[in-house]
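Enquirer: Fold the following.
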Amino acid sequence: MTNPKLRDLIELVRPTLQAVATTDAERAEFLYDLVREVYEHVKFDVYGPDADTEERTRIGQVLGAALPPTSADR
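Expert: Have a look, this model is predicted:
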């Protein structure tokens, strides 16, 4: 990763997870929330809410795959 601010942010994730006891459901929710923030940035800040781009579609697929399990899934 060449962007130092993004690299610094990514480097904080693992130590933060190590410092806090989490369950598998909490980690799944965290991952979903993180991907959702990127998706929202692309959707609203980069292209605008009405643009249908390949990037937004791909990130939307990742977002859907990252959905945390529900009680029905267990």
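Enquirer: going forward, measure contacts between C-alpha atoms and count neighbours the same way
Expert: Noted.
Enquirer: So Leu63 is in contact with Leu34, correct?
Expert: No: the criterion here is CA atoms under 8 Å, and Leu63 misses it with Leu34 at 9.1 Å.
Enquirer: okay, these two: which has more neighbours?
Expert: Leu63 (20 against 13; other CA atoms under 10 Å).
Enquirer: Now do the contacts for that one.
Expert: Shown in contact with Leu63 (CA atoms under 8 Å, 6 or more residues apart in numbering): Tyr32, Val35, Arg36, Tyr39.
Enquirer: Inside helices: which ones of the residues you listed?
Expert: Within those, residues falling in helices by DSSP state H are Tyr32, Val35, Arg36, Tyr39.
Enquirer: ranking the contacts of Leu63 by neighbours, who comes first?
Expert: Tyr39 (22 neighbours).
Enquirer: where does the protein have low pLDDT?
Expert: 71-74 (pLDDT under 70).
Enquirer: Asp50: neighbouring residues, count only.
Expert: For Asp50, using other CA under 10 Å, the count is 8.
Enquirer: now that we're looking at it, how far away is Glu40 from it?
Expert: To Glu40, Asp50 is 12 Å away according to CA to CA, to the nearest Å.
Enquirer: Then Arg58?
Expert: For Arg58, the distance to Glu40 (CA to CA) stands at 13 Å.
Enquirer: returning to that earlier point: mind picking the two most distant members of the contacts of Leu63?
Expert: Tyr32 and Tyr39 (10.3 Å; CA to CA).
Enquirer: ok, the nearest residue in space to Ala66 that is not next to it in sequence - contacts?
Expert: Leaving out its chain neighbours, the residue that sits closest to Ala66 by CA to CA, 6 or more residues apart in numbering is Tyr32, at 5.2 Å. Each residue near Tyr32 by CA under 8 Å, 6+ apart is listed here: Leu63, Ala66, Leu67, Pro68.
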